[in-house]
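Q: sequence first, predicted model second:
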Amino acid sequence: MDRGHRPSPPRNPRAPHPPMTRSPPPDWNPEQYGRFHAERARPFFDLLDLVQPRPDMRVVDLGCGTGELTRVMHERLAARETLGIDASPAMLAKSAAFAGDGLRFEPGDIAAFSADGAYDLVFSNAAIQWVSDHEPLFARLAAALTPTGQLAVQMPANNDHPSHLTAFAVAAEPTFRDALGGYARQWPVLAPDAYATLLHRLGFARQHVRLQVYGHELASREAVIEWVRGSLLTDYEKRLPAELWPEFLDRYRECLLPQLDDTRPFFYPFKRVLLWAAR
Ligand SMILES: C[S@@+](CC[C@H](N)C(=O)[O-])C[C@H]1O[C@@H](n2cnc3c(N)ncnc32)[C@H](O)[C@@H]1O
């Protein structure tokens with residue numbers, strides 16, 4: 001790596017992130033993602049609490065992952081039929097264990113999802129941050145609902161935390177930027193009020209949109225790296241040549257750790273947008 005060209009330290013967290021290009025869906029590592037299972041499940045349950053159960057619901061879970069939580073939702077709602085869709089073969093490989101009794105899983109890309117008035121609930125937990133252009137995406141999600149259907153979506157909004165800014169900054173360093181072919185990750189998640197306006201424009205008379213900060217007590221600041229490796233960093237891991245990945249991770253650690261307090265436990269605040277809407 002050309003250490004002479006490093007633009008460190010990472011840029012000011014308050015500066016707006018530059019526009020970036022559309023990204024294909026990542027593949028995922030279920031084991032790495034599952035390392036913080038309890039912490040990552042909390043927003044799922046908060047989102048599910050927003051849904052109003054109705055008899056005989058037809059549900060789609062976009063970016064269902066392993067399907068473990070899709071199963072929980074299917075049972076909690078006593079849904080007639082639930083379809084889990086995910087683009088990751090590794091995640092979907094785990095889903096067979098949770099299928100049955102009206103719950104099934106299919107490979108698919110959220111960016112290509114459309115279903116004319118077919119669903120009583122379109123649900124997506126921690127997945128559509130991987131899909132760009134949320135305005136047309138939400139129009140398609142809205143069109144997939146029955147007239148009384150509900151939309152429930154949760155997305156991370158922690159892109160201004162050093163854990164994320166550092167990843168963007170390291171990926172922009174010449175060695176990695178060249179290896180990534182100039183790829184810079186899109187951050188498509190809008191501000192909460194923009195989603196409220198969008199939902200209103202799409203004809204949802206009832207809506208609940210909030211930004212929630214989840215406070216995670218991690219063993220140490222080192223654990224932040226493991227957290228981000230299970231989500232955001234997968235985007236770089238799959239795009240970089242295998243031999244460069246350890247170097248990326250070392251550089252990420254080198255830049256990130258001095259920005260985080262060396263406390264045990266380490267408190268990691270993580271912002272998320274939760275939204276629910278119905279007509
Ligand atoms: C953070 S995981 C969340 C999984 C699950 N919803 C949960 O709450 O545990 C994100 C999932 O979204 C999937 N994903 C990302 N982009 C996608 C896309 N464009 N189409 C379908 N699935 C996608 C990933 O494969 C991954 O399984």
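A: Thanks, I have it.
Q: from here on, contacts and neighbour counts on C-alpha atoms
A: Will do.
Q: and residue 31, how many neighbours?
A: 12 (other C-alpha atoms under 10 Å).
Q: following element in sequence after the helix or strand containing it, please.
A: Assigned by DSSP states H and E, residue 31 belongs to helix 30-33. Counting by DSSP H and E, the next helix or strand C-terminal to helix 30-33 is helix 37-50.
Q: packing partners of the next helix or strand after that following helix?
A: Downstream of helix 37-50, the next assigned helix or strand under DSSP H and E is strand 58-62. If you count contacts as 3 or more C-alpha pairs under 8 Å, 6 or more residues apart in numbering; DSSP states H and E, strand 58-62 packs onto strand 81-86, strand 119-125.
Q: which of the ones you listed is buried the deepest?
A: Ranked by mean neighbour count, these are led by strand 119-125 with a mean of 25 (mean count of other C-alpha atoms under 10 Å).
Q: between strand 81-86 and that strand, find me the angle.
A: Orientation of strand 119-125 against strand 81-86 (axes from the mean of the first three to the mean of the last three C-alpha atoms, to 10 degrees) gives an angle of 30 degrees.
Q: does strand 119-125 come close to the ligand?
A: Yes. Using C-alpha under 6 Å from any ligand atom, strand 119-125 reaches the ligand at residue 125.
Q: list of residues touching that strand?
A: 43-44, 47, 57-64, 141, 144-146, 148-155 (C-alpha atoms under 8 Å, 6 or more residues apart in numbering).
Q: mean confidence score for it?
A: In this model, strand 119-125 carries a mean pLDDT of 98.
Q: got it, and stretch 167-177?
A: 97.
Q: please enumerate the helices of the stretch 51-200 of the chain.
A: With DSSP state H, counting those that start in this stretch as the criterion, the stretch 51-200 of the chain has helices at 68-76, 89-92, 134-143, 162-171, 174-179, 192-201.
Q: return the most buried member of the ones you listed.
A: Ranked by mean neighbour count under mean count of other C-alpha under 10 Å, the helices of the stretch 51-200 of the chain are led by helix 162-171, which reaches a mean of 22.
Q: quick one: residue 171 from residue 261, how far?
A: 23 Å (C-alpha to C-alpha, to the nearest Å).
Q: in a markdown table: the helices of the stretch 51-200 of the chain, plus distance to residue 241.
A: Shown next, in a markdown table, are these (distance: least, C-alpha to C-alpha, whole Å):
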| stretch | distance to residue 241 |
| --- | --- |
| helix 68-76 | 31 |
| helix 89-92 | 20 |
| helix 134-143 | 30 |
| helix 162-171 | 13 |
| helix 174-179 | 7 |
| helix 192-201 | 36 |
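Q: could I get those helices as CSV with distance to the ligand?
A: Shown next, in CSV, are the helices of the stretch 51-200 of the chain (distance: least, C-alpha to the nearest ligand atom, whole Å):
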stretch, distance to the ligand
helix 68-76, 6
helix 89-92, 6
helix 134-143, 11
helix 162-171, 15
helix 174-179, 22
helix 192-201, 19
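Q: and of those helices, who's closest to residue 185?
A: helix 162-171 (7.3 Å; C-alpha to C-alpha).
Q: what does that closest one contact?
A: With C-alpha under 8 Å, 6+ apart, helix 162-171 has contacts from 10-11, 13, 158-159, 176-177, 180, 184-185, 224-225, 228, 232-233, 236, 248, 251-252, 255-256, 259.
Q: give me the neighbour count for residue 254.
A: 12.
Q: how is it assigned, secondary-structure-wise?
A: Under DSSP: H, G, I helix; E, B strand; the rest coil, residue 254 falls in the helix class.
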